[in-house]
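Student: All I have is the shape, not the residue letters:
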């Protein structure tokens, strides 16, 4: 059985409950939910809370990314294919598929971090045309780039301590995007879904994402203006993202 | 000053309003101009242009209500501002020299690096740039939605309340009506052989000669093919230009070739405003034609001009000034 993406678009609802900790994720009854979880070196994450990443004090106030092309295969052969749908992941979001989606044993998960080139290039529909419910419409904080047609695939803003006095008072901005940075994830996995808790969690560990990055000096990339840093973050993303 | 008069002339005489109401708007263009192609989703109408015009001159489009579009795009300077780079909110400086908006409706890729693929999306760039107007388009829309006059104009133009889309689309509609079509050169092409003085005619011959090869980049009715070229301005570019969009190192230092229309009154020149006079521009091409810089366009040929030839070339460039500005041209 395949779910048609249009149908799923109609039944997707975004529930903005806090889900920064696994314990906070509440099952949504007879439905499948996708939770977006952030961690720092395996520890629970809170927005605007100070962490130490490789010796630099840092806090984050914006953490958003696009997840698209989601495909889930189950042991019983059932497939969920959200090929043309886009989920905007943030630290306060969980996306739920209502309508009695039954998931028990997931064997494969595929998705992209980012937006495919057709949507990204605004060739057919641009972000001004899209209804506000559409994750690809204008967002606050902005996920669109104005000077370069397209979207930030991953946007992380925050503050760091650059002088070692313990105060996070210097802004940082790490914005990854552009077509070459569409990141493909393909997990062959074995996720047993506990009955009554139909939640698949996408976990992004910021400690892993910023490995090898000196956040006290490497303060920003908007991808094209600091390609080396963007490339390192892009490479780290493969290890920083897990599905549970 | 004649700024507002100039503006009225520029945006009124080239436009033939077919009828009242929601009729399409037709631009009156010389025979040697191609028709302007309008986007199907945003065919210009007088109502859309009216909304765009109101927005263009409104400082409330900036975060601190200090900067309007026209702050940097002055009608009397062919919609440029004379600055090397324009000051934005709180005196912050932009990164590139302000381009003219005249004939911008013909662009398929917008901005000096071609990063914006449609004029209908371009207004977001200055509105949201922290060095220019510095306000998110969503916040601006919320702000303007409190203004009943804008709500009325938006309803008349698009049948919906003011929104990021109506703001951006209306500004694009207005910009499409800003035309440079009435220069001595255009009159000369239309059959008035007296429109160009002898020196300008000699300059035209030089401009179109294979020796100078100007037309290789500044071709067509608008004196640009809208291609992206490295003109050898710098050996190493701080601003990577087109490469910022394509991520291709071969595009380092490439910027859109600008139109030469009204070039006499749109100093300073180059993407960074680093050359102050047309004489300096000619000197630059004479120099890099003979000693090319890394990555420089092969279209730039070596040449050397006599004093007379230089004066003739400048006379021709003066003849690319719209007649509305002619009285002010030195």
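Tutor: Yes, it's here. Because the structure is predicted, anything quoted here is derived from the model rather than measured.
Student: which parts of chain A sit against chain B?
Tutor: Where proximity means C-beta under 8 Å from any C-beta of the partner chain, the interface of chain A facing chain B comprises A:121-123, A:126, A:128-129, A:138, A:140, A:142, A:144, A:146-149, A:178, A:180, A:224-225, A:227. The C-beta positions use only the backbone N, C-alpha and C, and glycine is treated the same way.
Student: Can you flag the buried ones in those residues?
Tutor: Buried subset of these (neighbour count, 16 or more other C-beta atoms under 10 Å in any protein chain shown): A:122, A:126, A:128, A:138, A:142, A:144, A:146-149, A:178, A:224, A:227.
Student: Can you flag which of those residues belong to helices?
Tutor: In this view, those that belong to helices under DSSP state H are residue A:227.
Student: now, which of the buried ones among the residues of chain A next to chain B sits nearest residue B:278?
Tutor: residue A:147 (28.9 Å; C-beta to C-beta).
Student: Please state the offset of the biggest strand by length in chain A from the chain centre?
Tutor: Secondary structure assigned by DSSP state E gives strand A:56-74 as the longest strand of chain A. Distance of strand A:56-74 from the chain centroid (C-alpha atoms, centre = their mean, to the nearest Å) equals 2 Å.
Student: Quick one: mean pLDDT for that strand?
Tutor: When pLDDT is averaged along strand A:56-74, the result is 94.
Student: So which other helices or strands are in contact with that strand?
Tutor: strand A:32-40, strand A:51-53, strand A:79-89, strand A:105-113, strand A:150-160, strand A:199-205 (3 or more C-beta pairs under 8 Å, 6 or more residues apart in numbering or on different chains; DSSP states H and E).
Student: where in chain A is pLDDT low?
Tutor: Applying pLDDT under 70 to the predicted model, the residue ranges of chain A that meet it are A:1-31, A:92, A:97-102, A:193-197.
Student: Domain-wise, how is chain B divided?
Tutor: Under the assignment automatic domain parsing, the domains of chain B span B:3-176, B:184-326.
Student: returning to what we had before: format the helices and strands packed on strand A:56-74 as JSON lines; extra columns: distance to residue B:129.
Tutor: Compiled in JSON lines, the helices and strands packed on strand A:56-74 are given as follows (distance: least, C-beta to C-beta, whole Å):
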{"stretch": "strand A:32-40", "distance to residue B:129": "29"}
{"stretch": "strand A:51-53", "distance to residue B:129": "30"}
{"stretch": "strand A:79-89", "distance to residue B:129": "24"}
{"stretch": "strand A:105-113", "distance to residue B:129": "26"}
{"stretch": "strand A:150-160", "distance to residue B:129": "15"}
{"stretch": "strand A:199-205", "distance to residue B:129": "29"}
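Student: Could you dump the ones you listed into TSV with mean neighbour count added?
Tutor: TSV is the format used below for the helices and strands packed on strand A:56-74 (neighbours: other C-beta atoms under 10 Å in any protein chain shown):
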stretch	mean neighbour count
strand A:32-40	23
strand A:51-53	17
strand A:79-89	18
strand A:105-113	18
strand A:150-160	23
strand A:199-205	20
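Student: For residue B:181, see how far away residue B:32 is.
Tutor: 9 Å (C-beta to C-beta, to the nearest Å).
Student: Who has more neighbours out of these two?
Tutor: A count of neighbours by other C-beta atoms under 10 Å in any protein chain shown puts residue B:181 above the other of residue B:32 and residue B:181, at 21 against 12.
Student: Now do the contacts for the more buried one.
Tutor: Residue B:181 sits next to B:14, B:29-30, B:33, B:322 when contact means C-beta atoms under 8 Å, 6 or more residues apart in numbering or on different chains.
Student: May I have the secondary structure class of it?
Tutor: State at residue B:181, reduced to three classes by DSSP: H, G, I helix; E, B strand; the rest coil: coil.
Student: Minimum distance to residue B:190: which of the helices and strands packed on strand A:56-74 has it?
Tutor: Shortest separation from residue B:190 across the helices and strands packed on strand A:56-74 is recorded for strand A:150-160, at 42.6 Å, computed as C-beta to C-beta.
Student: for the closest one, the distance to its chain's centre please.
Tutor: Taking the mean of its C-alpha atoms, strand A:150-160 sits 11 Å from the chain's own mean (C-alpha atoms, centre = their mean).
Student: elements contacting that strand?
Tutor: The contact analysis (3+ C-beta pairs under 8 Å, 6+ apart) places strand A:150-160 against strand A:56-74, helix A:117-120, strand A:144-145, strand A:170-177.
Student: Let me know the outermost residue of chain A.
Tutor: Largest separation from the mean C-alpha position in chain A: residue A:165, at 31.6 Å (C-alpha atoms, centre = their mean).
Student: Let me see the contact set for it.
Tutor: Residue A:165 sits in contact with no residue, where contact means C-beta under 8 Å, 6+ apart.
Student: one step back: could the buried ones among the residues of chain A next to chain B go into CSV alongside distance to residue A:217?
Tutor: Putting those into CSV (distance: C-beta to C-beta, whole Å) gives the following:
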residue, distance to residue A:217
A:122, 35
A:126, 37
A:128, 37
A:138, 33
A:142, 26
A:144, 28
A:146, 28
A:147, 25
A:148, 25
A:149, 31
A:178, 24
A:224, 20
A:227, 17
